[in-house]
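# Mind looking at a prediction? Sequence and model below.
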Amino acid sequence: MPQNLAVIGTGYVGLVSGVCFAEQGNTVWCVDVDRDKLARLERGASTIYEPGLEPMLQRNLHEGRLHFTDDLPLAVRNAAVIFLCLPTPPDEDGSADLRYVLETARQIATIIHQESIAERRILVTRSTVPVGTAEKVRRVVAEVAPGSDVRVASNPEFLSEGNAVRETLHPERVIIGSSDPEVVAVLSELYRPFVNEYDRPLLVMDERSAEVAKYAANAFLALRISFMNELSRYCEAVGADIEHVRIGMSFDPRIGRRYLHPGLGFGGSCLPKDIRALAHSAREVGAPLRLVELTAAINREQLERFAATIKARFGGSVRGRRIALWGLAFKPNTDDVREAPAHALIRLLLADGASVAAYDPEAMETSRQVLGDAIEYAPDMYAAASGADALVLATEWAEFRSPDWEQLKALLNGSVIFDGRNLWDPSEMHRRGFEYYAIGRPRRALA
């Protein structure tokens, strides 16, 4: 049965969640304080790049199921279930900053109290939050609106950018953190179209376990990436090929094939922030997670090692060199550049005196907002390479897989390529006459 929902925050998680809930027939009020963003969304223009999102956004606007507003009281009056999809940025010590979550919970409770809303409201934390957050939200509500029928639950998201629409509509699992049978019943009905009992289960657990589950999942994914990156260093030292090693591992059903690709390290809005927050929380309770802390350190070192490889090729410095860089987003199929390895690498190259010409299919504008005029933004991948002393691949967009090699070789000032994602085959690159450097792979000298 369709429900009336509110989604507070139209960032990545909030927008995708709100649109997908509306797609299942629910009426959704998406609330934000950014009026420019709301105006764009009301026109049917997505504020993020996510495959499949914009047509769905436009369809549900047209059907009248999706509303964008800065009127929080309106949303609270109309919605029986309210999702908090708000940022939890890292503090200086690595802990998650809950000010937006708790302040919004306070505002919602104030509205309920002032307007004497007697009907049940379910307040759901969908943001990635530290253990104990649901209890903090509950205390805020009890303080501001004593006696009101507000229930609190945890419903962590497990979305990966570039696949978020598919993963919302067809999730690998949905977790509901609540010990309240009525809350579980309402949220189970809401998620019924998304799950099944065979391969997309709905899992019910206590709030604290639900909160930890999200952090644990992201930390383990980050650990896998850092393990492969550290192993790539060993492969380079002994003359093994990390790609062969990866394939040999991936057919073991206990390990699987995902998140085993070595590269420049992980970035984005989730993994770096979440492992810092988990490590901080663990230290606070006297149960440090040493593997998690090492994971973050290895991730930093991987990028620094790659930059050192580039500098070493040019005699220890890239001062005065023009470097072409393909890929600015932290991963393909998104325009998100938050903690993007490409950006960190650019800063290291600029600090050493290089100039950088970059191209990305979707992340040019988001990069310009961060980097300003520090680099050249090329109109296409070949323009970026024109006159460059080396090409660096930083993000493995599909369009970079099969370039016109002859054109590329003619454009480059030399034939040096640094592949930060192991996108290309070393034997083929050698045959084509490129001086090719990859991650954890043997390098053959040109004849």
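Good, I have the coordinates. Computed from a predicted model, the values in this text were never measured in an experiment.
# And the helices in the stretch 1-150 of the chain, which stretches?
Per DSSP state H, counting those that start in this stretch, the stretch 1-150 of the chain has helices spanning 12-23, 35-42, 53-62, 72-78, 99-114, 133-144. These are given in chain order.
# Apologies, that question was intended for the stretch 301-447 of the chain.
341-351, 364-371, 381-385, 405-411, 426-431.
# wait, Gly94 sits on His280?
Yes: at 4.2 Å, Gly94 counts as touching His280 under the criterion of Cβ atoms under 8 Å. C-beta: built from backbone N, CA, C; applies to glycine.
# who's more crowded, those two?
Set side by side, Gly94 and His280 give different neighbour counts by other Cβ atoms under 10 Å, the larger being at His280 (20 against 17).
# Then that one would be within a strand, right?
No: assignment of His280 by DSSP: H, G, I helix; E, B strand; the rest coil gives helix, placing it outside any strand.
# Can you give me every residue that contacts it?
Shown in contact with His280 (Cβ atoms under 8 Å, 6 or more residues apart in numbering): 93-95.
# Against Ser95, how distant is it?
Counting by Cβ to Cβ, to the nearest Å, the gap from His280 to Ser95 is 4 Å.
# circling back to that earlier point, rebuild the helices of the stretch 301-447 of the chain as a markdown table, extending it with mean pLDDT, distance to Asp252 and mean neighbour count.
Output for those, formatted as a markdown table (pLDDT from 0 to 100; distance: least, Cβ to Cβ, whole Å; neighbours: other Cβ atoms under 10 Å):
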| stretch | mean pLDDT | distance to Asp252 | mean neighbour count |
| --- | --- | --- | --- |
| helix 341-351 | 97 | 27 | 20 |
| helix 364-371 | 97 | 38 | 16 |
| helix 381-385 | 98 | 36 | 21 |
| helix 405-411 | 96 | 35 | 14 |
| helix 426-431 | 94 | 25 | 14 |
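# which one of these lies closest to Gly420?
When the helices of the stretch 301-447 of the chain are ranked by proximity to Gly420, the top entry is helix 341-351, at 7.3 Å, counting by Cβ to Cβ.
# How far off centre is that closest one?
A distance of 19 Å separates the centroid of the chain from that of helix 341-351, by Cα atoms, centre = their mean, to the nearest Å.
# again, but for stretch 83-102
Worked out by Cα atoms, centre = their mean, stretch 83-102 lies 16 Å from the chain centre.
# likewise stretch 11-25?
Relative to the chain's own centre, stretch 11-25 is displaced by 16 Å; criterion: Cα atoms, centre = their mean.
# for stretch 380-400, same thing?
So, by Cα atoms, centre = their mean, the centroid of stretch 380-400 is 23 Å from its chain's centroid.
# repeat for stretch 118-131
Put simply, stretch 118-131 sits 22 Å off its chain's centre (Cα atoms, centre = their mean).
# Any idea how far apart the tips of it sit?
Chord length of stretch 118-131, first to last residue, is 29 Å (Cα to Cα, to the nearest Å).
# And that stretch, what's buried?
Judged by neighbour count (16 or more other Cβ atoms under 10 Å), stretch 118-131 contains these buried residues: 121-131.
# would a markdown table of those with distance to Val16 and pLDDT be doable?
Formatted as a markdown table, the entries for the buried residues of stretch 118-131 read as follows, by distance: Cβ to Cβ, whole Å; pLDDT from 0 to 100:
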| residue | distance to Val16 | pLDDT |
| --- | --- | --- |
| Arg121 | 23 | 97 |
| Ile122 | 20 | 98 |
| Leu123 | 20 | 98 |
| Val124 | 15 | 98 |
| Thr125 | 16 | 97 |
| Arg126 | 11 | 95 |
| Ser127 | 13 | 90 |
| Thr128 | 14 | 91 |
| Val129 | 18 | 93 |
| Pro130 | 22 | 92 |
| Val131 | 24 | 93 |
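# of those residues, closest to Pro361?
Sorting the buried residues of stretch 118-131 by distance to Pro361 puts Thr128 at the head of the list, at 27.5 Å, by Cβ to Cβ.
# where does the closest residue to that closest one other than its chain neighbours fall, phi/psi-wise?
Computed as Cβ to Cβ, 6 or more residues apart in numbering, the closest residue to Thr128 that is not its neighbour in sequence is Lys214, at 5.4 Å. The phi and psi values for Lys214, taken as degrees, to the nearest 10, are phi -70, psi -50.
# For Lys214, list the residues it contacts.
With contacts defined as Cβ under 8 Å, 6+ apart, Lys214 is in contact with 128, 156-158, 175, 274.
# and the gap between it and Met205?
With distances defined as Cβ to Cβ, the gap from Lys214 to Met205 amounts to 12 Å.
# which residues do these two both contact?
The overlap between the contact sets of Lys214 and Met205 (Cβ under 8 Å, 6+ apart) consists of Ile175.
# where exactly do the strands run in the stretch 151-300 of the chain?
Secondary structure of the stretch 151-300 of the chain (DSSP state E, counting those that start in this stretch): strands at 174-177, 202-205.
# Not including adjacent chain positions, what is the nearest residue to Glu284?
The spatially closest residue to Glu284, leaving aside those adjacent along the chain, is Ser95, at 7.9 Å (Cβ to Cβ, 6+ apart).
# Count residues in the vicinity of Gly286, would you?
Using other Cβ under 10 Å as the criterion, Gly286 is surrounded by 6 other residues.
# which residues of the stretch 301-447 of the chain fall in strands?
Counting by DSSP E, counting those that start in this stretch, residue ranges of the strands within the stretch 301-447 of the chain are 322-326, 355-359, 376-377, 390-393, 416-419, 435-437.
# would you turn those into JSON lines with mean neighbour count and mean pLDDT?
Formatted as JSON lines, the entries for the strands of the stretch 301-447 of the chain read as follows, by neighbours: other Cβ atoms under 10 Å; pLDDT from 0 to 100:
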{"stretch": "strand 322-326", "mean neighbour count": "26", "mean pLDDT": "98"}
{"stretch": "strand 355-359", "mean neighbour count": "22", "mean pLDDT": "98"}
{"stretch": "strand 376-377", "mean neighbour count": "16", "mean pLDDT": "98"}
{"stretch": "strand 390-393", "mean neighbour count": "25", "mean pLDDT": "98"}
{"stretch": "strand 416-419", "mean neighbour count": "22", "mean pLDDT": "98"}
{"stretch": "strand 435-437", "mean neighbour count": "20", "mean pLDDT": "96"}
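# Let me have those in a markdown table, adding distance to His343 as columns.
A markdown table is the format used below for the strands of the stretch 301-447 of the chain (distance: least, Cβ to Cβ, whole Å):
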| stretch | distance to His343 |
| --- | --- |
| strand 322-326 | 10 |
| strand 355-359 | 10 |
| strand 376-377 | 13 |
| strand 390-393 | 13 |
| strand 416-419 | 16 |
| strand 435-437 | 20 |
